[in-house]
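Enquirer: sequence first, predicted coordinates after that:
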Amino acid sequence: MVAGAALALASLLAGAGELQLEPGLRLEGRGRQLSPRDGADDRTLEAVATPRAALRWLAAPRLRVGGSYAPRLRAPDLTRSSDVVVLHTAELRAELHPDAAWRLSAVAGGERGTTDLLTESRTLGTELQTITTTRRLRYRAARVELGLEGRAGPRTELRALAGAFLEGGDGAAAEATLPVQRGARAEASVTWALTRLDRLGLRLTGRGARLDRGPTSAIATADALWHRRLARAVDAWAGGGVAGAYEDPRGDTATRELLPSGELGIAHTPVAPAAAAPGEEPARATPSTALATRLVVRLAPAIDRATGAADPQLDATLGLAWPVAPRWSLSGAAVGAIARQSGHDTRRARLEAGLQWAATSAVHLGLGVYASRQRTAIPSVPSFDESGAFVSLDLGGPTLSP
């Protein structure tokens with residue numbers, strides 16, 4: 001392991017390896033309707049252009065370094081104004097394989113510019129955060145993460161990560177609407193293959209955050225999990241444990257609380273058809289067997305983005321990907337969460353469905369619809385419904401090797 005790291009570092013310093021540049025462009029048009037609970041509906045038609053450049057350096061057989069830059073140029077409403085706002089997005093990534101059993105990774109990224117939190121919420125995948133404002137604002141975010149994963153033996157897998165983050169408004173006016181939140185997170189897990197079908201695991205997670213003009217909160221969770229292979233392409237798992245929540249409000253007494261945590265999940269992951277016996281016709285994958293689905297329900301405390309408090313939260317996520325034909329695919333996602341805050345429930349949900357067509361390996365056309373909802377009793381946080389439709393075009397350029 002040490003020898004592999006030394007070899008990769010020596011190759012990096014010597015300037016060895018292969019450099020690749022991958023350009024691309026994404027164009028998107030989106031019609032949106034925002035319906036505040038208190039107020040008139042607002043309809044907009046926006047256009048987005050996101051050029052991107054990704055640089056990959058194969059510094060050594062076991063070391064890869066890369067970076068990307070993708071400014072998002074957005075016209076928020078073509079029916080009223082031709083103004084363009086920009087959100088700059090960049091990321092650096094490194095991956096080292098000291099030997100065949102272990103992988104080290106490091107990621108750093110950030111965004112800065114003008115956007116709205118509804119748009120940013122759709123880039124978070126299955127994560128839901130409380131939307132503190134539906135207006136555009138100056139925004140900034142940064143994060144760094146280090147990871148280690150590998151096999152400690154024939155049946156034992158280890159995984160660990162640690163990182164820090166910062167996110168909030170950029171400037172006094174924006175920070176008044178979206179205060180800056182700074183924090184750190186860590187996770188460690190071990191999984192043991194009990195039988196060919198069963199795996200047992202232990203997971204420890206921790207997260208702490210401080211909200212400007214708000215509380216300092218922390219959460220630590222310990223869970224035990226059981227994974228079971230139900231069929232060749234179907235896995236299910238269940239877990240439970242305990243979580244400790246700490247909250248220190250400014251000018252008030254700090255509180256500590258023990259809360260339950262749990263998780264249930266099931267996933268269907270397509271697998272290649274089994275090899276045919278001599279003289280038999282090979283089996284072919286059908287659209288039904290190619291459908292990938294994943295459903296997860298979790299109960300655990302979370303640090304709320306709007307209030308900075310550590311609140312109990314129940315969330316569920318459903319995702320699917322379906323290649324219905326060689327060039328056509330469907331995708332969909334549904335996410336919902338209920339958080340208990342100050343004696344009231346805050347409810348958030350998001351739905352999205354899309355159709356993609358791969359004209360060539362470098363040209364992809366997509367269209368879809370989405371909807372989101374937030375309901376809360378917190379006076380400073382909006383309740384709203386949002387819906388829309390979009391069409392997108394992704395163009396990939398040729399890979400350049402100087």
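Expert: Cool, the structure landed. Residues are numbered from 1 along each chain as shown.

Enquirer: residue 336 pairs with what?
Expert: residue 316, residue 349 (DSSP bridges).

Enquirer: you'd agree it is up against residue 313?
Expert: No - taking contacts as CB atoms under 8 Å, residue 336 lies outside contact range of residue 313: 10.8 Å. Bear in mind the C-beta positions are built from the backbone N, C-alpha and C, glycine included.

Enquirer: neighbour count for the two, which is higher?
Expert: Counted by other CB atoms under 10 Å, residue 336 and residue 313 do not tie: residue 313 has more neighbours, with 21 against 17.

Enquirer: for that one, grab phi and psi.
Expert: Main-chain dihedrals, residue 313, degrees, to the nearest 10: phi -140, psi 140.

Enquirer: for it, what are its contacts?
Expert: For residue 313, the contact set (CB atoms under 8 Å, 6 or more residues apart in numbering) comprises 299-302, 337-340.

Enquirer: just the buried residues out of these, in PyMOL syntax.
Expert: Selecting just the buried residues from the contacts of residue 313 in PyMOL takes one command, with 16 or more other CB atoms under 10 Å as the test:
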select buried, resi 299+300+301+302+337+339
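
Enquirer: narrow the contacts of residue 313 to those in strands?
Expert: Counting by DSSP state E, the contacts of residue 313 place 299-302, 337-340 in strands.

Enquirer: could you name the helices and strands sitting against the helix or strand containing residue 144?
Expert: Taking DSSP states H and E as the definition, residue 144 sits inside strand 136-151. With contacts defined as 3 or more CB pairs under 8 Å, 6 or more residues apart in numbering; DSSP states H and E, the packing partners of strand 136-151 are strand 102-116, strand 156-169, helix 172-177.

Enquirer: relative to that strand, what are the paired strands and their orientations?
Expert: According to DSSP bridges, strand 136-151 has the following sheet partners: strand 102-116 (antiparallel), strand 156-169 (antiparallel).

Enquirer: how about the helices and strands packed on strand 136-151 in CSV, adding distance to residue 370 and mean pLDDT?
Expert: Below are those laid out as CSV (distance: least, CB to CB, whole Å; pLDDT from 0 to 100):
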stretch, distance to residue 370, mean pLDDT
strand 102-116, 15, 95
strand 156-169, 22, 96
helix 172-177, 24, 90
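
Enquirer: those: which one's closest to residue 22?
Expert: The closest of the helices and strands packed on strand 136-151 to residue 22 is strand 102-116. By CB to CB, the value is 17.0 Å.

Enquirer: picking up where we left off before, which one of the ones in strands among the contacts of residue 313 sits closest to residue 202?
Expert: Nearest member of those to residue 202, counting by CB to CB, is residue 300, at 15.5 Å.

Enquirer: could you report the neighbour count for the nearest residue to residue 150 once chain neighbours are set aside?
Expert: Spatially, and ignoring its direct neighbours in sequence, residue 150 is nearest to residue 102 (3.4 Å; CB to CB, 6 or more residues apart in numbering). By other CB under 10 Å, the residues close to residue 102 number 17.

Enquirer: ok, residue 102 - contacts?
Expert: Going by CB under 8 Å, 6+ apart, residue 102 touches 1, 148-151.

Enquirer: report the two of these separated the most.
Expert: Largest separation among those by CB to CB: 1 and 149, giving 13.4 Å.

Enquirer: pick out whichever of those two has more residues nearby.
Expert: More crowded of residue 1 and residue 149, by other CB under 10 Å: residue 149, with 15 against 12.

Enquirer: picking up where we left off before, quick check, nearest of the ones in strands among the contacts of residue 313 to residue 122?
Expert: Looking across the ones in strands among the contacts of residue 313 and measuring by CB to CB, the closest to residue 122 is residue 337, at 15.2 Å.

Enquirer: how close does the residue nearest to that closest one when sequence neighbours are not counted get to residue 177?
Expert: Residue nearest to residue 337 in three dimensions, not counting chain neighbours: residue 315, with 3.9 Å by CB to CB, 6+ apart. Per CB to CB, to the nearest Å, residue 315 is found 25 Å from residue 177.

Enquirer: ditto for residue 264
Expert: Taking CB to CB, one finds residue 264 at 37 Å from residue 177.

Enquirer: I'd like to know which of the helices and strands packed on strand 136-151 is closest to residue 226.
Expert: Nearest of these to residue 226, taken as CB to CB: strand 156-169 at 14.9 Å.

Enquirer: cool, thanks, signing off.
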